[in-house]
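Colleague: Got a sequence here, can you build the structure:
(one chain, ligands or ions: 2)
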Amino acid sequence: MQRFNKPTDLHLEKLILTQFKNYAGQTLELSERLNCFTGLNGMGKTNLLDAVYYLCLSKSRFGLADAHLCRQGEDFFRLEGHFRWQQKPVKIVAKVQPRKRKVLENNDVAYSTLSEHIGLFPVVFIGPDDTQMITEGSEERRRFIDNTLSQTDPLYLRQLMTYNQVLQQRNAALKQLAEQRRFDQALISVYDAQLAPAGRYIHQKRREFVAEFAPIMQATYNKICGSRETVSCSYRSALEQRPLEELLTQSIEKDRILQRTTEGVHRDDLELLIHDLPVKRFGSQGQLKSFVLALKLAQYDFLEKQKSMRPILLLDDIFDKLDAERVSSLLQLLHHGDFGQVFITDTDEHRVENIIREFDADYRRYRIENGSAHLQNAIA
Ligand SMILES: Nc1ncnc2c1ncn2[C@@H]1O[C@H](COP(=O)(O)OP(=O)(O)O)[C@@H](O)[C@H]1O
Ligand SMILES: [Mg+2]
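Modeller: Ligands and ions are numbered 1, 2, ... in the order given. Sure thing, here's the model as predicted:
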């Protein structure tokens with residue numbers, strides 16, 4: 001409790017949405033501790049969290065193209081966030097017109113590249129579809145690692161962008177050469193030479209990350225379940241055996257046949273284990289949910305350590321699908337944990353009242369109705 005009342009080094013004081021998703025125009029004054037959005041399904045609760053996420057990472061949490069974020073029938077949107085960051089006010093404005101270059105301003109000065117902004121305001125989003133990290137293919141798990149490292153290491157983000165861009169070019173070349181029924185080793189070698197250093201950096205950072213992250217996750221899992229189950233995550237990459245240059249050379253025949261690059265860090269995976277068995281196949285539903293929560297809350301811890309700042313925590317509808325026991329241990333964690341600013345959405349007014357009572361801290365509570373927010377409490 002006393003830790004929770006430590007001043008937050010990062011929080012959003014005010015959020016202004018213009019033509020964003022189902023919001024025509026909305027201003028919200030926020031609590032630096034706890035913000036709750038209640039309302040029926042489809043009213044726009046998650047959209048508010050996505051707006052906060054967008055201001056932190058300059059993209060939607062849901063991988064939506066900017067065009068889909070403009071309110072239907074509109075051709076632009078604007079988000080304005082008044083943050084307080086290490087006691088200083090910082091105003092972030094996103095001005096987005098889908099067919100034009102998007103503009104992101106920090107205290108009225110536009111960034112020359114958006115990546116300069118990433119990581120300034122660390123953020124963790126926990127939502128119901130996080131279980132995809134366990135149930136779906138490796139892409140979701142790489143996304144999780146990349147999302148984390150992009151927020152802590154600007155060079156990682158740049159190397160990742162380079163890697164993905166060159167990979168696309170290499171794949172396009174493989175396809176085109178196959179269609180022309182010829183091969184051009186010199187061209188492919190140019191791409192390989194660019195992929196190698198980026199891939200090496202990404203591999204090294206992912207490996208360091210997983211080594212540091214795994215014990216944090218184990219500890220978080222135990223806090224959620226109060227159990228002594230052994231959970232772990234381990235990094236799987238072909239680059240653990242051989243450098244990328246060699247992998248690319250070795251697999252060129254296969255790449256030519258399949259017309260895409262079959263080896264590289266874009267095939268890496270994070271193996272998630274419970275008692276040394278894959279959670280996906282051997283975990284119960286309950287273990288699966290606890291596992292995902294542990295991954296996300298451990299991400300929070302990791303970011304906090306790396307940034308020396310508590311991230312903004314966005315909790316989207318997560319109490320709904322959990323059983324009472326997990327809801328209660330999660331509330332305990334939120335209550336005693338060292339969190340900064342927290343946002344919660346929930347359809348259940350009653351549960352939100354309980355959460356507010358448990359928190360026993362400054363809060364704001366809004367009811368959301370069809371793209372407008374109504375403050376339910378007066379701030380003390
Ligand atoms: N670009 C958009 N323009 C207008 N409405 C949108 C847009 N994108 C999403 N919506 C609307 O937002 C609503 C969903 O909001 P959401 O925040 O997910 O609701 P909740 O979390 O409260 O269930 C839906 O009614 C959907 O039609
Ligand atoms: Mg929602």
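Colleague: List the contacts of the helix or strand hosting Leu49.
Modeller: Per DSSP states H and E, Leu49 falls inside helix 45-57. Contacts of helix 45-57 with the rest of the structure, by Cβ atoms under 8 Å, 6 or more residues apart in numbering, involve 12, 15, 17, 20-23, 28, 37-39, 59-62, 69, 79, 81, 83, 92, 94, 118, 120-123, 125, 127, 151, 312, 314, 316-317, 343, 345-346, 368, 371, 373. C-betas here are computed from N, CA, C, even on glycine.
Colleague: how distant is it from the center of its chain?
Modeller: 11 Å (Cα atoms, centre = their mean, to the nearest Å).
Colleague: Can you list the buried residues in that helix?
Modeller: 45-57 (16 or more other Cβ atoms under 10 Å).
Colleague: Just put those residues in JSON lines and tack on distance to Pro197.
Modeller: What follows is the buried residues of helix 45-57, written out as JSON lines (distance: Cβ to Cβ, whole Å):
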{"residue": "Lys45", "distance to Pro197": "44"}
{"residue": "Thr46", "distance to Pro197": "39"}
{"residue": "Asn47", "distance to Pro197": "40"}
{"residue": "Leu48", "distance to Pro197": "41"}
{"residue": "Leu49", "distance to Pro197": "37"}
{"residue": "Asp50", "distance to Pro197": "35"}
{"residue": "Ala51", "distance to Pro197": "37"}
{"residue": "Val52", "distance to Pro197": "35"}
{"residue": "Tyr53", "distance to Pro197": "31"}
{"residue": "Tyr54", "distance to Pro197": "31"}
{"residue": "Leu55", "distance to Pro197": "33"}
{"residue": "Cys56", "distance to Pro197": "29"}
{"residue": "Leu57", "distance to Pro197": "25"}
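Colleague: Among those residues, which one lies nearest to ligand 2?
Modeller: Nearest to ligand 2 among the buried residues of helix 45-57, counting by Cβ to the ion, is Thr46 at 3.2 Å.
Colleague: Now the element after the helix holding Leu49, going C-ward?
Modeller: Next along from helix 45-57, by DSSP H and E: helix 66-69.
Colleague: Give me the buried stretch members for that next one, please.
Modeller: Asp66, Leu69.
Colleague: One more: stretch 294-307?
Modeller: 294-304, 306-307.
Colleague: Nearest residue to the middle of the chain?
Modeller: Asn147 (5.2 Å; Cα atoms, centre = their mean).
Colleague: Tell me which ones among the buried residues of helix 45-57 also neighbour ligand 2, please.
Modeller: When Cβ under 5 Å from the ion is applied, the members of the buried residues of helix 45-57 adjacent to ligand 2 are Lys45, Thr46.
Colleague: Which residue is the nearest non-sequential neighbour of Thr135?
Modeller: Among residues not flanking Thr135 along the chain, Lys280 sits closest, at 6.4 Å (Cβ to Cβ, 6 or more residues apart in numbering).
Colleague: ditto for Phe62
Modeller: That would be Asp50: by Cβ to Cβ, 6+ apart, it lies 6.6 Å from Phe62.
Colleague: of the buried residues of stretch 294-307, closest to Gln285?
Modeller: Ala294 (14.9 Å; Cβ to Cβ).
Colleague: Pretty sure Tyr221 is one of the things that closest one touches, is it not?
Modeller: Yes: using Cβ atoms under 8 Å, Ala294 is in contact with Tyr221, at 3.9 Å.
Colleague: joint contacts of the two?
Modeller: Val231.
Colleague: and the residue in the stretch 51-200 of the chain positioned nearest to ligand 1, what helix or strand is that in?
Modeller: Of all residues in the stretch 51-200 of the chain, Gln72 sits closest to ligand 1, at 3.7 Å by Cβ to the nearest ligand atom. Using DSSP H and E, Gln72 maps to neither a helix nor a strand.
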